[in-house]
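> Sequence first, then the predicted structure, then my questions.
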Amino acid sequence: MPSVVSGIITLLLFQLCGEVVSRMFSLPLPGPVLAMVAMVIGMALSERLLALIRPVASFLLQNLSLLFVPVGVGAVARLSDLSAHALAIGVSLIGSTLLAICVGALTFEYVARLTGNVDEEEEA
């Protein structure tokens with residue numbers, strides 16, 4: 001059974017490799033995104049890597065809300081700066097939420113048609 005420490009080290013090594021590749025080649029993608037793509041490919045190809053990362057990833061996902069505490073504290077500390085741009089922040093939040101809902105619905109509809117899982121009543 002893999003240890004939690006080796007799982008954390010593996011995650012950090014993927015993070016480091018993603019950052020190095022991103023900066024070395026001046027890619028427009030952030031290092032964490034490259035690391036995540038590499039990790040998904042690695043886990044798809046290696047059951048051993050999946051078994052190594054799974055316990056740490058599960059723990060992090062179960063405690064994900066704790067990772068947002070520093071962000072909330074920082075936002076409250078900069079509340080005066082945020083209030084100066086409240087309208088722009090509000091419009092962008094509402095707009096991006098509506099856009100995400102529309103894109104999600106259209107993607108769902110496209111995949112349903114592609115796989116043939118569409119009700120006959122909806123087509124008429």
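Good, I have the coordinates. Just so you know, these numbers come straight off a predicted model, no measurement behind them.
> And the helices in the protein?
In the chain, the helices defined using DSSP state H lie at 4-24, 31-45, 47-62, 69-77, 79-84, 86-115, 120-123.
> How about residues contacting the fourth one?
By that I understand helix 69-77. With C-beta atoms under 8 Å, 6 or more residues apart in numbering as the test, helix 69-77 has contacts from residue 82. C-betas here are computed from N, CA, C, even on glycine.
> Which residue ranges make up the domains of the protein?
Here the domain assignment for the chain is 1-62, 69-124, based on automatic domain parsing.
> Could you dump these into JSON lines and include mean neighbour count and mean pLDDT?
Output for these, formatted as JSON lines (neighbours: other C-beta atoms under 10 Å; pLDDT from 0 to 100):
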{"stretch": "domain 1-62", "mean neighbour count": "14", "mean pLDDT": "93"}
{"stretch": "domain 69-124", "mean neighbour count": "10", "mean pLDDT": "88"}
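> and residue 58, what does it touch?
By C-beta under 8 Å, 6+ apart, residue 58 has no neighbours at all.
> Repeat that for residue 32.
15, 18, 19.
> and if you look at residue 63?
Per C-beta under 8 Å, 6+ apart, neighbours of residue 63: none.
> Backbone dihedrals for it, please?
phi -110, psi 30 (degrees, to the nearest 10).
> what about it, distance to residue 57?
11 Å (C-beta to C-beta, to the nearest Å).
> wait, which of the contacts of residue 32 is closest to residue 108?
Nearest to residue 108, judged by C-beta to C-beta, of the contacts of residue 32 is residue 18 at 30.1 Å.
> How about that closest one, nearest residue that isn't a chain neighbour?
residue 35 (3.0 Å; C-beta to C-beta, 6 or more residues apart in numbering).
> Contacts only, for the one you found.
14, 15, 16, 17, 18, 19.
> thinking the fifth one is in contact with residue 34, fair?
Just to be clear, that refers to residue 18. Yes: counting by C-beta atoms under 8 Å, residue 18 touches residue 34, with 3.8 Å between them.
> which residues are in contact with both of these two?
Common neighbours of residue 18 and residue 34 (C-beta under 8 Å, 6+ apart) do not exist.
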